[in-house]
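K.L.:
sequence and predicted structure are below.
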Amino acid sequence: MDVSELTKNIASFAASPPSDLSAEARAGLYGAVSQLRDALMDPLQATLRFAFGVHETSAVLLAINMKLFDLAVAAGGPLTVDELAEKASADPLLVRRVLRMLVGLSLFTQHSVDSFSAKPLANIYVTGSPLREAMIHLGSHTSAVARLPEYFAQNGYKNPDDAFQGPWQFLEKTDKHYFDWLADHPNLQHAFNTSMTISRMGQVHWFEFYPVREKLSGVSASDTTLVDIGGGVGHDVVAFRNQFPDIPGKLVFEDLPSVVASGVANGLPSGVEGVGHDFLHPQPASVKGAKIYYMQAVLHDWPDKQARTIIKHIHDVMVQGSILLINENVLPEEKVSLYQAEIDLSMMVAFSSLERTVKDFKKLLESEGLRLAHVYKPAAMTPGAGTVLEFVLA
């Protein structure tokens, strides 16, 4: 192999990649290049990469807060350091130092000693961009993640198992659950909400690959057909009703009373209703005996200690013939991707919780009297795509 020629070809391709690459081809190339990088790293390069990851996150967050992305993108061309500093009401030396990082991250181009412009990728971090909010949300975990070694050194090397007494409470010096802490920080709450919306973009609804009509063939108008637990403002049950307007029975979404009130205020289709409820408490009698109980991305917010409580309360209102569907990003038993492992670590930091494998879910729900009946997956398992686990009474 002519390494020199290969290097030239890779550099040439990187300088001008085809504009018509499919998402699949792009992902394949990115994966191959990442493998090549990992294979070529020497020990020092690997150490620097692992040690300086937090610097990259901080530089992007600084640029967002200083509105450097907004200013540079709006300019449409090069700006001097002094011009950016004046517009940002910031110290020119600080701006220069942040810009050096942004150039290294391929977000900015440096034209001369004092001239910089935004690259196309910088557009994703301007005000109004959902990915800007995702960066703010995930970046807010950076300091806590960086201090995990301190947490475990002081608390023993035991996996966290209490959502109200874990890394987040220790590192933020609070006694509040993460969601309660988040409510006290409106900008971060907004960023979190936007990030959760992004996570569902492009994903197929569970009822597009789950055999809904087969499972609900015997329901009647007097039945409670579906209860979406932790269902927010009711988006999923409304989408279900729109997809299956002919399936009889009542559709219910549950969440905290303030959340449900917001959904009800927006107006609901006939046959859909909201119930204000905290799922850490026993389920209301009004949802007893439903055909399908459904939870999407709920249990990954809770360690086994609290997850068992949630499941027990659902078990207590199920009857023979009831189904519990768990829609989660399920980890493979082996060869977990770096992205999946990072999300798992984020869940540990914020919630003392975890991403689970099918075996983990099976063990967890069996401990509360349920049996795994089937596993359903969409045709295309893209990053973030949910897997639906069907449980019935044991």
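P.N.:
All right, it came through fine.

K.L.:
quick check, Gly271 in contact with Phe244.
P.N.:
No - Gly271 is not in contact with Phe244 according to Cβ atoms under 8 Å; the separation is 10.7 Å. All C-beta spots, glycine's among them, are computed from the backbone N, C-alpha and C.

K.L.:
which parts of the lowest-mean-pLDDT helix or strand in the chain are buried?
P.N.:
In the chain, the helix or strand scored least confidently by mean pLDDT, DSSP states H and E is helix 186-200, which has a mean of 83. Residues 188, 191-192, 194-195 are the ones in helix 186-200 that count as buried (16 or more other Cβ atoms under 10 Å).

K.L.:
ok, and what's touching it?
P.N.:
130-131, 133-134, 136-138, 140, 182-183, 297, 384 (Cβ atoms under 8 Å, 6 or more residues apart in numbering).

K.L.:
low-confidence ranges, the protein, go.
P.N.:
Along the chain, segments meeting pLDDT under 70 span 199-202, 381-385.

K.L.:
outline the domain layout of it.
P.N.:
52-125, 130-200, 206-333+351-393 (automatic domain parsing).

K.L.:
how about these, which one is nearest Leu6?
P.N.:
Distance to Leu6, taken as Cβ to Cβ, is lowest for domain 52-125 among the domains of the chain, at 21.4 Å.

K.L.:
between the contacts of helix 186-200, which sits nearest Ile64?
P.N.:
Minimum distance to Ile64 across the contacts of helix 186-200 is 6.7 Å, recorded for Ile136 (Cβ to Cβ).

K.L.:
list the contacts of the closest one.
P.N.:
61, 64, 187-188, 191.

K.L.:
if we can go back for a sec, could you point out which element follows the least confident helix or strand of the chain?
P.N.:
helix 212-215 (DSSP states H and E).

K.L.:
what's the helix or strand just after that following helix in contact with?
P.N.:
The helix or strand immediately downstream of helix 212-215 is strand 224-229, counting by DSSP H and E. With contact meaning Cβ under 8 Å, 6+ apart, strand 224-229 is reached by 216, 219, 234, 236-237, 240, 247-254, 279, 287, 289-296, 298, 310, 314.

K.L.:
got the CA positions of strand 224-229 in CSV?
P.N.:
Coordinates of each C-alpha in strand 224-229 appear next as CSV, following Å, rounded to 0.1, in the frame of the first residue of the first chain:
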residue,chain,number,x,y,z
THR,A,224,-59.6,1.7,28.5
THR,A,225,-57.5,0.8,25.5
LEU,A,226,-54.3,2.5,26.2
VAL,A,227,-52.7,4.3,29.2
ASP,A,228,-49.5,6.2,28.4
ILE,A,229,-47.6,6.5,31.7
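
K.L.:
that'll do, ta.
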